[in-house]
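Q: Sharing a model prediction with you, sequence too.
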Amino acid sequence: MTVTTEPALRTRRPPEPAARTRRRSLRPTLVGWSFILPNFLGFALLTLVPMVFGLALSFMDWSPWGDPEWVGFENFERMLRNSTFWIALWNTTYYAAGHIPLTMAVSLGLALLLNRTLAGLGFFRTAFFLPYVTSLVAVAVVWNMLFNPTSGPVNQFLQFAGVTDPPGWTSSTAWAMPAVIVASVWRDMGYYMVLFLAGLQTIPTELYEAARVDGANAWQRFRNITLPGLRPTTFFVLIMCTVASFKVFDLIVVMTDGGPGRATKVLSQLIYEEGIREGRFGLASAISLVLFLLVAGFTVIQFLLQRRQEDR
Amino acid sequence: MTANLTSTVTPKPDAVPNRGSAPPRPAIPARVRKVVHSALLTVLCLLVLVPFVWMISSSLKHDNQVFTVPTQWIPREFVWSNYVDIWTQIPMLAYLRNSAFLAITISFLQVITGSFAAYGFAKLRFPGRDWLFLAYLATIAVPWQAYMIPQYLIMEKLGLVNTHLSIILLQAFGAFGVFLMRQYYQSIPDELIEAARIDGLSEYRIWWRIMLPLSRPAIASLGLLTFVSTWNDYMGPFIYFTSNELWTVQLGLRSFVGQYDAAYAMIMTGSVISVLPVVLVFLLGQRQFIQGIATSGLKG
């Protein structure tokens, strides 16, 4: 986020002399706002206002039937007493703990493999990226079939490889979440691979040549050149991946619908069920606030860690 | 340590003992490594494409041939009739039309309002500009689920729930478009705009006659990214569209799966049809698409 403010400062300087003569009039302000306004109206009404409204809503009793009233922390108390909330919180964390590191490792690995001159490079890149443009509904439906416990190809392969009792995947409470995670990593890796590739391209090749002259092996080059050079990209990918993990919804709703039982129920789904289906808007907003704080907390921690690493 | 370098070029006899008990390095010449590398990529690539192969091959089978032991990756008999029957089984055409209408309208609005606002943020100076942009930036990291409930209540007040307009309004004014276009506009030199101003062009004309034509690659990126994400969106339409005639292809497919969960072949046919348009759009505009992701990510 720090990088974006830098060009803004740079562009400020050149128009200065011309701008000075016009500074007195209101014109530049009006012209400036007129450009932003069409987008800003929609943005303010449907993003900024709901964000603030949502915060208020979590302290209110608001349903389609009665008049809204302030209830203090009652929604939060109800939320904490709700066992499904704790299960959903745990499942969301479980999903994030699997999805974030796996996606990052796989997409970085693919980017490293593709970051060189190679015949058919374009084809490989397209192939790895293709899952990302596939809709989540189709992804979920296909993986559900691949994971079919009795005759799906995944378990057939496992049995072929010598696993006598392969997991029941989406029909078992223990294996449903891993199945969802595999499908989600498959879908998302291409997107982050592109980000990593863009990051790798900013590392000067001379560094690698110099290291090779010094006799550094592949692992040493990776540790001492690639990883430090990728740090800004890794940071960005981590944040994007975290936000995406904590708000997972589509894939789970279509693949398992939160089941079996409540084994894959996540916070987003609970917000939808409590809020839009059941009309408990206050309670749902309280859960939303928890989701937001989770994401924000994680982002801030990452930000601080990143800064400390830079200082070193 | 220079031994390593020289040994790959000209294997001097004294270079080898330097490495102690390790076998001599030049054992893996560059060509062999290249072959191994390509082979590895090919295997990974095939692995990644398995779900697509399954999707297409199952869509050309009878329902009872989808799950066989061992899996038939190439159908014994090609059941093309699935691709004829699906249009009468479910209102597929109407779903596709709805999806296309939403994706095109939203992409168009996102590009227009996004680039318009981006010009204000990138090339004009006025009080409050930087604060406003910060507000845009900050919302990118907030998950939609965190404010979808109040948003829904606002839409309900406006009487827009269960209309296409709700999703259009929801997605056409995203911060992402402003962000991406601003990033690109900043690479266009200010001198160009200064010159146009001296020639007496108004800011609106500069945007229309200079910025828009110059930013064609960025427009293509944003348009494609928005098109694909709108086409694939499930949760938005799922919450807002209750009547069947508004449904997008994603909702239609999902409800089909729920109704006929054993119609495996037909479900895969529907999946192929729902995925095909975006894959085509992506393959045609691949360069802009990937460029768009890379720039929005690089400077995040």
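A: Everything's here; your move. Numbers count the residues shown, from 1 in each chain, chains lettered A, B, ... in the order given.
Q: the helices in the stretch 1-150 of chain B, which residues?
A: Under the criterion DSSP state H, counting those that start in this stretch, helices of the stretch 1-150 of chain B are mapped to B:3-9, B:30-59, B:82-89, B:92-123, B:129-140, B:148-157.
Q: Mind putting these into TSV with mean neighbour count, mean pLDDT and distance to B:Gln291?
A: Yep, even glycine has a C-beta here, placed from its N, CA and C like the rest. Output for the helices of the stretch 1-150 of chain B, formatted as TSV (neighbours: other C-beta atoms under 10 Å in any protein chain shown; pLDDT from 0 to 100; distance: least, C-beta to C-beta, whole Å):
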stretch	mean neighbour count	mean pLDDT	distance to B:Gln291
helix B:3-9	15	37	36
helix B:30-59	15	87	22
helix B:82-89	15	84	34
helix B:92-123	22	91	15
helix B:129-140	17	85	19
helix B:148-157	21	89	30
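Q: Mind checking those helices for the one nearest to A:Ala218?
A: helix B:30-59 (10.4 Å; C-beta to C-beta).
Q: domain assignment for chain B?
A: B:3-59, B:86-298 (automatic domain parsing).
Q: The helix or strand hosting A:Asn39 vs chain B: in contact?
A: If you go by DSSP states H and E, A:Asn39 is part of helix A:27-43. Yes. Judged by C-beta under 8 Å from any C-beta of the partner chain, helix A:27-43 comes into contact with chain B through A:28-29, A:31-36, A:38-43.
Q: That helix packs against which elements?
A: The contact analysis (3 or more C-beta pairs under 8 Å, 6 or more residues apart in numbering or on different chains; DSSP states H and E) places helix A:27-43 against helix B:92-123, helix B:129-140, helix B:175-185.
Q: Quick one: list the elements packing against the second one.
A: Yep, that's helix B:129-140 we're talking about. helix A:2-12, helix A:27-43, helix B:92-123, helix B:175-185.
Q: rerun at 7 Å
A: Judged by 3 or more C-beta pairs under 7 Å, 6 or more residues apart in numbering or on different chains; DSSP states H and E, the packing partners of helix B:129-140 are helix B:175-185.
Q: Show me what counts as buried in the next helix or strand after the helix it packs on.
A: Using DSSP H and E, the helix or strand that follows helix B:175-185 in sequence is helix B:190-198. The neighbour-count check on helix B:190-198 (16 or more other C-beta atoms under 10 Å in any protein chain shown) flags B:190, B:193, B:196 as buried.
Q: Now those in a markdown table, please, with extra columns for pLDDT and distance to chain A.
A: Listed next are those as a markdown table, based on pLDDT from 0 to 100; distance: C-beta to the nearest C-beta, whole Å:
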| residue | pLDDT | distance to chain A |
| --- | --- | --- |
| B:Asp190 | 88 | 5 |
| B:Ile193 | 88 | 8 |
| B:Ala196 | 89 | 12 |
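Q: residue ranges for the strands of the stretch 51-200 of chain A, please.
A: A:60-61, A:69-70 (DSSP state E, counting those that start in this stretch).
Q: what's next to the first one, contact-wise?
A: Applying C-beta atoms under 7 Å, 6 or more residues apart in numbering or on different chains, the contact partners of strand A:60-61 are A:68-71, A:282.
Q: which residue ranges form the helices in the stretch 201-300 of chain B?
A: Counting by DSSP H, counting those that start in this stretch, the helices of the stretch 201-300 of chain B are B:203-205, B:212-214, B:216-232, B:235-240, B:249-259, B:264-284, B:286-298.
Q: Would you mind giving those as a markdown table with mean pLDDT, mean neighbour count and distance to chain A added?
A: Listed next are the helices of the stretch 201-300 of chain B as a markdown table, based on pLDDT from 0 to 100; neighbours: other C-beta atoms under 10 Å in any protein chain shown; distance: least, C-beta to the nearest C-beta, whole Å:
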| stretch | mean pLDDT | mean neighbour count | distance to chain A |
| --- | --- | --- | --- |
| helix B:203-205 | 88 | 16 | 5 |
| helix B:212-214 | 89 | 13 | 13 |
| helix B:216-232 | 88 | 23 | 4 |
| helix B:235-240 | 91 | 21 | 5 |
| helix B:249-259 | 87 | 21 | 5 |
| helix B:264-284 | 88 | 21 | 4 |
| helix B:286-298 | 74 | 20 | 4 |
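Q: circling back: so which of the residues of helix A:27-43 next to chain B is the most crowded?
A: When neighbours are taken as other C-beta atoms under 10 Å in any protein chain shown, the top entry among the residues of helix A:27-43 next to chain B is A:Asn39 (27 neighbours).
Q: for it, what are its contacts?
A: Neighbouring residues of A:Asn39 by C-beta under 7 Å, 6+ apart: B:113-114, B:116-117, B:173, B:178.
Q: any idea which of those residues is closest to chain A?
A: B:Phe173 (2.9 Å; C-beta to the nearest C-beta).
Q: Kindly format the C-alpha coordinates of stretch A:35-44 as PDB.
A: Taking C-alpha atoms only, stretch A:35-44 is exported to PDB below (Å, rounded to 0.1, in the frame of the first residue of the first chain):
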ATOM      1  CA  PHE A  35     -15.000  13.200 -12.500                       C
ATOM      2  CA  ILE A  36     -15.100  11.200  -9.300                       C
ATOM      3  CA  LEU A  37     -18.800  11.700  -8.600                       C
ATOM      4  CA  PRO A  38     -20.400   9.100 -10.900                       C
ATOM      5  CA  ASN A  39     -18.400   6.300  -9.400                       C
ATOM      6  CA  PHE A  40     -18.300   7.800  -6.000                       C
ATOM      7  CA  LEU A  41     -22.100   8.000  -5.700                       C
ATOM      8  CA  GLY A  42     -22.500   4.300  -6.200                       C
ATOM      9  CA  PHE A  43     -19.400   3.500  -4.100                       C
ATOM     10  CA  ALA A  44     -20.500   5.700  -1.200                       C
END
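Q: and it, how far from the chain's centre?
A: Stretch A:35-44 has its C-alpha centroid displaced from the chain centroid by 26 Å (C-alpha atoms, centre = their mean, to the nearest Å).
Q: Could I get the average pLDDT for that stretch?
A: Averaged across stretch A:35-44, pLDDT comes to 86.
Q: thinking again about what came up before, need the domains of chain B in a markdown table (columns: distance to A:Ala211).
A: What follows is the domains of chain B, written out as a markdown table (distance: least, C-beta to C-beta, whole Å):
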| stretch | distance to A:Ala211 |
| --- | --- |
| domain B:3-59 | 11 |
| domain B:86-298 | 24 |
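Q: what about stretch A:217-231, near chain B?
A: No. Using C-beta under 7 Å from any C-beta of the partner chain, stretch A:217-231 stays clear of chain B, with a minimum separation of 8.9 Å.
Q: coming back round to it: report the two of the residues of helix A:27-43 next to chain B separated the most.
A: Longest span within those, C-beta to C-beta: A:Pro28 and A:Gly42, 23.5 Å.
Q: how's chain A carved up into domains?
A: Taken from automatic domain parsing, chain A resolves into A:21-70, A:74-311.
Q: So which of those is the most surrounded?
A: When these are scored by mean count of other C-beta atoms under 10 Å in any protein chain shown, the highest mean neighbour count falls to domain A:74-311 (a mean of 19).
Q: Could you tell me the end-to-end distance of it?
A: Distance across domain A:74-311, first residue to last, is 44 Å (C-alpha to C-alpha, to the nearest Å).
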